[in-house]
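Asker: Sequence first, predicted model second:
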Amino acid sequence: MTFSRRRFLLATAATPLLLAGCGSEETPAAGGGARFGTVSQRLAWIKNTQFAGSYVADKKGYYRAEGFSGADLVAGGPTAPPIESDVLGRTFAGVSQVPIVGSAVAKGAPLKIIGAVYTRYAGCVMSMTDKPIKTPEDLYGKTIGCASSSEPVWRTFLAASGLDQSRIKTVPVQGNPIGMTKGEIDGYLGFINSQVIDLRHLGHDITTMLLADVGFPLVGQTYITTQEHLDNDRDQVKAFLRAEIKGWRDVLADPQYATDLTVDEYGKDLKLDPAATLDCCKAGNELIRDGQPTQQLIALTDQQAEDNVKAINAGGLKLTADQLFDLGPIREVYQEDPGLAATVKN
């Protein structure tokens with residue numbers, strides 16, 4: 001029997017948590033230094049530079065330094081199970097997007113967003129420059145390709161923007177916008193730090209409309225975990241966040257190292273183009289930076305949380321910031337170690 005993403009989430013929301021092997025059971029390392037077991041994290045997509053901070057944290061031993069015996073980075077992709085169901089059932093944490101997590105929480109999933117890598121969501125409408133889509137109103141009369149995993153974000157954006165969805169045709173296109181270059185669709189909902197750059201490296205002239213720049217104030221690449229972990233494993237949640245912060249500080253400081261690690265090790269099977277991958281990493285770094293000389297990476301303000309909830313509620317949800325976010329652990333991390341803040345070259 002085939003389950004849709006939505007039905008899968010409903011089915012798994014009531015499933016008891018399977019905590020073994022998810023970092024909840026303390027397992028000493030060979031040297032006796034590990035307080036926790038392996039920390040498992042479900043990634044939102046294939047192992048490209050979107051998750052380079054986690055690769056660096058693993059490679060440089062930041063997870064082990066924070067008390068874990070190791071890390072298991074579980075790749076996603078167009079055929080992977082929903083991230084939210086994996087976090088409910090088999091991984092300690094995951095990377096997702098605000099509207100998708102919000103939909104799961106509204107259905108009763110005991111999940112919380114505990115931080116975000118990107119201060120601006122990476123989603124954008126890409127189009128060919130000879131037929132550009134530059135504003136939300138330019139979408140009228142157009143056919144837009146959208147992967148099923150991005151459809152909740154797309155529908156929420158259309159609703160939050162007050163657009164008449166009957167005037168915009170959305171068609172399923174799984175992860176590959178190449179049909180846009182052949183005139184099969186007018187635009188594609190992709191990511192400014194991946195597909196856009198890939199197409200440009202293939203010689204295509206692409207115009208982008210970043211959703212965050214046209215009144216859709218989402219943060220991106222949010223970390224999620226379960227309420228049970230927050231209640232019972234708070235030290236592990238904070239240890240995980242500290243390791244991620246250290247990894248992302250290094251990505252900002254040395255995108256070439258992060259790129260090499262992605263191409264040569266973590267994403268080796270993908271046979272990624274090194275030049276395009278470096279540009280993807282640099283584009284991701286631009287989404288991380290908030291314009292300040294020092295920055296608390298992954299942390300969010302109360303206002304950001306409120307703005308994100310307001311945006312997704314426009315799509316039909318009825319959530320409060322407290323129902324969707326728990327920013328206590330990340331704030332405690334910086335209170336306990338202010339030196340973790342990154343010095344950022346903007």
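Answerer: Sure thing, it's come through. Residues are numbered from 1 along each chain as shown.
Asker: Give the next helix or strand downstream of the worst-scoring helix or strand of the chain on mean pLDDT.
Answerer: Sorting the helices and strands of the chain by mean pLDDT, DSSP states H and E puts helix 5-13 at the bottom, at a mean of 38. For helix 5-13, the succeeding helix or strand toward the C-terminus, using DSSP states H and E, is strand 38-42.
Asker: Remind me what that following strand packs against, helices and strands.
Answerer: In terms of contacts (3 or more C-beta pairs under 8 Å, 6 or more residues apart in numbering; DSSP states H and E), strand 38-42 is packed against strand 70-74, helix 83-89, strand 93-96, helix 234-253. C-beta coordinates here come from the backbone N, C-alpha and C atoms, glycine included.
Asker: pLDDT averaged over the last one, what's the number?
Answerer: Rounded to a whole number, the mean pLDDT of helix 234-253 is 98.
Asker: what angle sits between it and strand 38-42?
Answerer: 60 degrees (axes from the mean of the first three to the mean of the last three C-alpha atoms, to 10 degrees).
Asker: Of all the residues in helix 234-253, which ones are buried?
Answerer: Within helix 234-253, the residues that count as buried by 16 or more other C-beta atoms under 10 Å are 236-252.
Asker: okay, which residue is most central for the protein?
Answerer: residue 221 (2.2 Å; C-alpha atoms, centre = their mean).
Asker: Retrieve the pLDDT associated with it.
Answerer: Taking residue 221 on its own, its pLDDT is 97.
Asker: Determine the three-state secondary structure at it.
Answerer: Following DSSP: H, G, I helix; E, B strand; the rest coil, we place residue 221 in the strand state.
Asker: from what I can see it touches residue 44, true?
Answerer: Yes: checked against C-beta atoms under 8 Å, the pair residue 221 and residue 44 is within contact range at 7.1 Å.
Asker: what's the overlap in contacts for these two?
Answerer: Counting by C-beta atoms under 8 Å, 6 or more residues apart in numbering, the contacts common to residue 221 and residue 44 are 50, 95, 97.
Asker: And the strands in the stretch 201-346 of the chain?
Answerer: Assigned by DSSP state E, counting those that start in this stretch, the strands in the stretch 201-346 of the chain fall at 206-210, 220-226, 294-295, 342-343.
Asker: Need the winner for burial among those.
Answerer: Ranked by mean neighbour count, the strands of the stretch 201-346 of the chain are led by strand 220-226 with a mean of 26 (mean count of other C-beta atoms under 10 Å).
Asker: wait, doesn't residue 243 sit right on residue 67?
Answerer: No: judged on C-beta under 8 Å, residue 243 makes no contact with residue 67 at a distance of 9.3 Å.
Asker: where does the stretch 201-346 of the chain have low pLDDT?
Answerer: 346 (pLDDT under 70).
Asker: where along it do the helices fall?
Answerer: 227-232, 234-253, 255-261, 274-288, 302-313, 321-324, 328-336 (DSSP state H, counting those that start in this stretch).
Asker: Of all those helices, which one comes closest to residue 185?
Answerer: helix 274-288 (22.0 Å; C-beta to C-beta).
Asker: which of the residues in that closest one are buried?
Answerer: 276-285, 287-288.
Asker: same deal with stretch 102-111?
Answerer: 102-106, 109-111.
Asker: Is the nearest residue in space to residue 46 that is not next to it in sequence in a helix, a strand, or coil?
Answerer: In space, and not counting its chain neighbours, residue 46 is closest to residue 77: 5.1 Å by C-beta to C-beta, 6 or more residues apart in numbering. Classification of residue 77 using three-state DSSP returns coil.
Asker: Residue 77: what's it in contact with?
Answerer: Shown in contact with residue 77 (C-beta under 8 Å, 6+ apart): 45-46, 175.
Asker: thinking again about what came up before, looking at the strands of the stretch 201-346 of the chain, which is nearest to residue 256?
Answerer: Per C-beta to C-beta, nearest to residue 256 of the strands of the stretch 201-346 of the chain: strand 342-343, 17.4 Å.
Asker: Relative to that closest one, what are the paired strands and their orientations?
Answerer: Strand 342-343 sits in its sheet next to strand 294-295 (antiparallel), going by DSSP bridges.
Asker: contact partners of the strand it pairs with?
Answerer: 288-289, 341-344.
Asker: Turn these into JSON lines, columns for distance to residue 207.
Answerer: As requested, the contacts of strand 294-295 are exported to JSON lines (distance: C-beta to C-beta, whole Å):
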{"residue": "288", "distance to residue 207": "23"}
{"residue": "289", "distance to residue 207": "23"}
{"residue": "341", "distance to residue 207": "35"}
{"residue": "342", "distance to residue 207": "31"}
{"residue": "343", "distance to residue 207": "34"}
{"residue": "344", "distance to residue 207": "28"}
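Asker: Alright, calling it a day.
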